[in-house]
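Trainee: Got a predicted model here, sequence first, then my questions.
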Amino acid sequence: MYTIAIHGGAGAVTRQTIAADDDPKFRAGLKAALQAASNILKHDGSALDAVEAAVKCLEDNPLFNAGKGAVYTKKGVHELDAAIMDGKNLQAGAIAGVRNVKNPVSFAKVVMEKSGHVLLSGKGANDYALKMKIEMESDDYFYTKQRYDQWLQVRHTDFYHLDHIVEEIPERKFGTVGAVVMDNSGSLAAATSTGGMINKQFGRIGDSPLIGAGTYANNQTCAISCTGHGELFIRAVAAYDVSCLMEYKNLSLHEAMQKVVNEKLKNMHAEGGMIGADAKGNLSFVFNAQGMHRGSIDAKGVEYVALYGDE
Ligand code: ASP
């Protein structure tokens with residue numbers, strides 16, 4: 001038995017903000033990512049390999065704010081953040097503020113497996129990527145018209161926002177991506193990847209690559225991947241807080257996620273959500289925004305894909 005849950009970002013995801021012809025494209029992107037993970041798990045592959053495969057698939061899809069579809073920083077470039085964690089042994093790898101890496105999640109896995117470190121950032125991370133022969137792409141690869149147009153509208157302002165809560169931007173696209181998995185051996189893993197916030201300050205790092213904030217996995221409790229206002233998720237130590245509520249207070253996965261997303265984060269005015277898996281085969285999606293791109297394959301093999309809050 002295995003389970004998979006994925007997300008492609010939470011926020012103002014409504015039938016008004018998603019163009020009618022984009023709706024099926026988002027769903028197809030989510031389904032493809034579920035399939036990528038499922039192909040590994042049905043052959044007894046590991047949760048770690050499965051979360052990597054799902055996130056990689058979403059990174060390659062220009063609709064999501066990760067890898068190819070990443071948002072622009074204030075300087076008009078892409079700085080990518082990602083993390084991956086293995087619940088079996090609490091090993092973790094992450095990268096922050098890297099440029100031109102095609103699949104940040106795979107690079108995070110290499111950091112975990114080969115570097116002896118957990119988190120590499122900026123130029124040091126880019127140098128390490130070259131040394132490890134990580135697949136790189138030119139700046140052109142990361143160009144998408146929608147993200148570029150979004151950035152043109154805000155580049156002269158001082159503010160930076162989650163791309164999905166900038167009310168002034170008419171064509172808002174949404175989407176940090178993440179995956180959580182329980183594999184056939186009952187082991188958990190989590191991964192998250194993002195371009196961060198549009199017009200973000202050079203060097204800004206969000207919650208996604210920070211273990212315990214945006215990403216966490218522990219076989220004793222849960223695997224969690226978050227999406228939302230990174231600064232606030234960092235301050236809430238959101239992903240690890242779910243694990244703590246399960247470990248120390250015996251809350252169920254869903255109860256713990258509800259408490260963190262709909263009480264703690266909400267009280268901090270932190271818009272967003274998270275996906276979770278536990279080692280008993282439960283999955284949960286909780287968000288306090290209008291919608292969240294999400295999908296799952298549950299313990300019975302039933303596939304679910306949804307975008308809006310009422311699905
Ligand atoms: N949490 C991400 C960040 O702050 C953004 C997102 O979820 O869309 O970098």
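Mentor: All right, it came through fine.

Trainee: Name the residues of the stretch 1-150 of the chain found near the ligand, please.
Mentor: Gly9, Asn65 (C-beta under 6 Å from any ligand atom). Where C-beta positions appear, they are placed from N, C-alpha and C, glycine not excepted.

Trainee: Report the contact partners of the residue in the stretch 1-150 of the chain positioned nearest to the ligand.
Mentor: Closest to the ligand within the stretch 1-150 of the chain is Gly9: 4.9 Å, counting by C-beta to the nearest ligand atom. Neighbour list for Gly9: Phe64, Asn65, His164, Phe174, Gly175, Thr176, Val177, Thr227, Met292, His293 [criterion: C-beta atoms under 8 Å, 6 or more residues apart in numbering].

Trainee: Top of those by number of neighbours, please.
Mentor: Counting neighbours by other C-beta atoms under 10 Å, Thr176 comes out on top of the contacts of Gly9 with 37 neighbours.

Trainee: Next, find the distance separating Met132 from Thr192.
Mentor: Per C-beta to C-beta, to the nearest Å, Met132 is found 21 Å from Thr192.

Trainee: Counting neighbours, go ahead and name the busier of those two.
Mentor: More crowded of Met132 and Thr192, by other C-beta under 10 Å: Thr192, with 38 against 12.

Trainee: Surely the more buried one is in a strand?
Mentor: Yes: checked against DSSP: H, G, I helix; E, B strand; the rest coil, Thr192 lies within a strand.

Trainee: That one: what's it in contact with?
Mentor: Neighbouring residues of Thr192 by C-beta under 8 Å, 6+ apart: 55, 82-83, 176-178, 208-209, 214-215, 225-227.

Trainee: ok, now Glu137?
Mentor: Going by C-beta under 8 Å, 6+ apart, Glu137 touches Asn100, Val101, Lys102.

Trainee: 10 Å instead, please
Mentor: Residues counted as contacts of Glu137 (C-beta atoms under 10 Å, 6 or more residues apart in numbering) are Gly67, Lys68, His78, Arg99, Asn100, Val101, Lys102, Asn103.

Trainee: Kindly report the same for Lys42.
Mentor: Lys42 is in contact with Tyr2, Ala50, Asn184, Ile297, Gly301, counting by C-beta under 10 Å, 6+ apart.

Trainee: Please pick the buried ones from those residues.
Mentor: Among the contacts of Lys42, those classed as buried by 16 or more other C-beta atoms under 10 Å are Tyr2, Ala50, Ile297.

Trainee: a markdown table please, covering those residues and showing pLDDT and secondary structure.
Mentor: Shown next, in a markdown table, are the buried ones among the contacts of Lys42 (pLDDT from 0 to 100; DSSP: H, G, I helix; E, B strand; the rest coil):
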| residue | pLDDT | secondary structure |
| --- | --- | --- |
| Tyr2 | 98 | coil |
| Ala50 | 98 | helix |
| Ile297 | 98 | strand |
